[in-house]
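In: coords please:
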Amino acid sequence: MMIRSLPLPPSAAEVDAWLAVLTAAAAGDRPRLPAPSRVEVAGRLCVAPARGRPVLWAADGDAGVAALLLFTEEGNTHTAFLDVLTVRPQARRRGVGTALWGRVREELLAQGRTSVATLVDLDGPGEAFARSLGFENVLPMAWYEQELAAGADGPGRLPATPGYEVLTWHGLVPDAWAPAAAAAHGAMEDAPTGDMDERIQRWTAQRLHTLQQLVLDRGGEMLTVAAVTPEGEVAGYTEIVLADPAGPVALQYDTVVVPAHRGRGLGRAVKLHMEARAAERYPALRRITTTVADENTPMRAVNESLGWRRERATGYFQLTL
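Out: Numbering: from 1, shown residues only. So this is what the prediction gives:
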């Protein structure tokens, strides 16, 4: 099996071939979910990530693809993230996945990486393959989803937030609020991380804007809803990303309430405001998805109270080289 390295950025034809592999795999493995969008796939392949250096491979005949992110940020140059390793269903059990993994492993060792992680759905071919390579599930999680009905009147059920103003930001958080928003992001440090080898980075206004700008540069849109105090503190927030603004699915990134403001319903409030704002702005949006660690009991409770449905189990798998 011949594995070829792809240029950065790949050509339009290579993007189309990559999309075809992902589409075929999704149809076979998760037929209920929407197929990947070309806008999203092209954005991820053609616009370099902010946190590291990508390496891309494709198998002959476009039977499979792999993408590795070699972290370059301080404190994480010992590890990496396997973003994609996908084989068409009809090409499986022919050594394609093993050949792709061989190139990934060679690159990891050549770059002096001592560990690599990946996100794997449980009880499927991905988990079986990952475990056969020695990966272990260091952070059990699940995908959750919230359905948005067409034409739903979300604002009618929005909760009050006494003592807080609810603000909505599209795209980059405004400069005036960026330091406070970055400080609120720092409250994620107490979220469960299991035995992940990747180290959490310190949030600054610049880092926040850099990661948000990446979403925009890749053709996506971002919406942040924050509960703020009269003193200018971001007490809680939630954010969603539409990798394809015309598509039916959005990914919720973080939902965070700063410790001093917990117990006041802010997590539930910002999520409800977010759903309403998203439904207003994106008429084609039908589903918001997110991952939550199994041990994150407070966030699971908030999601359940709002009608979020557990869609499938997943895990953050890690291998020590």
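
In: C-alpha only now, for contacts and for neighbours.
Out: OK.

In: and the helices in the stretch 201-321 of the chain?
Out: For the stretch 201-321 of the chain, the helices defined by DSSP state H, counting those that start in this stretch cover 205-217, 266-281, 297-305.

In: contacting residues around the longest one?
Out: The set of residues that contact helix 266-281 without belonging to it, under CA atoms under 8 Å, 6 or more residues apart in numbering, is 148, 151-155, 158-161, 166, 168, 223-227, 236-239, 255-257, 285, 302-303, 306.

In: next, the angle from that helix to helix 297-305.
Out: Put simply, helix 266-281 runs at 50 degrees to helix 297-305, going by axes from the mean of the first three to the mean of the last three CA atoms, to 10 degrees.

In: report all helices and strands that the helix ranked longest in the chain contacts.
Out: Using DSSP state H, we find that the single longest helix of the chain is helix 12-29. Packing partners of helix 12-29 (3 or more CA pairs under 8 Å, 6 or more residues apart in numbering; DSSP states H and E): helix 38-46, strand 64-71, strand 80-87.

In: hey, which of those is tucked in deepest?
Out: For the helices and strands packed on helix 12-29, average neighbour numbers computed from mean count of other CA atoms under 10 Å are highest in strand 64-71, which has a mean of 24.

In: partner strands of that one and their direction?
Out: strand 52-59 (antiparallel), strand 80-87 (antiparallel) (DSSP bridges).

In: may I have that strand as CSV, with CA atoms only?
Out: Extracted in CSV, the C-alpha atoms of strand 64-71 (Å, rounded to 0.1, in the frame of the first residue of the first chain):
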residue,chain,number,x,y,z
GLY,A,64,-8.0,6.5,3.2
VAL,A,65,-6.6,9.7,4.6
ALA,A,66,-4.7,10.8,7.8
ALA,A,67,-4.0,14.2,9.4
LEU,A,68,-1.6,14.8,12.3
LEU,A,69,-1.2,18.0,14.3
LEU,A,70,2.3,18.4,15.8
PHE,A,71,1.8,21.0,18.6
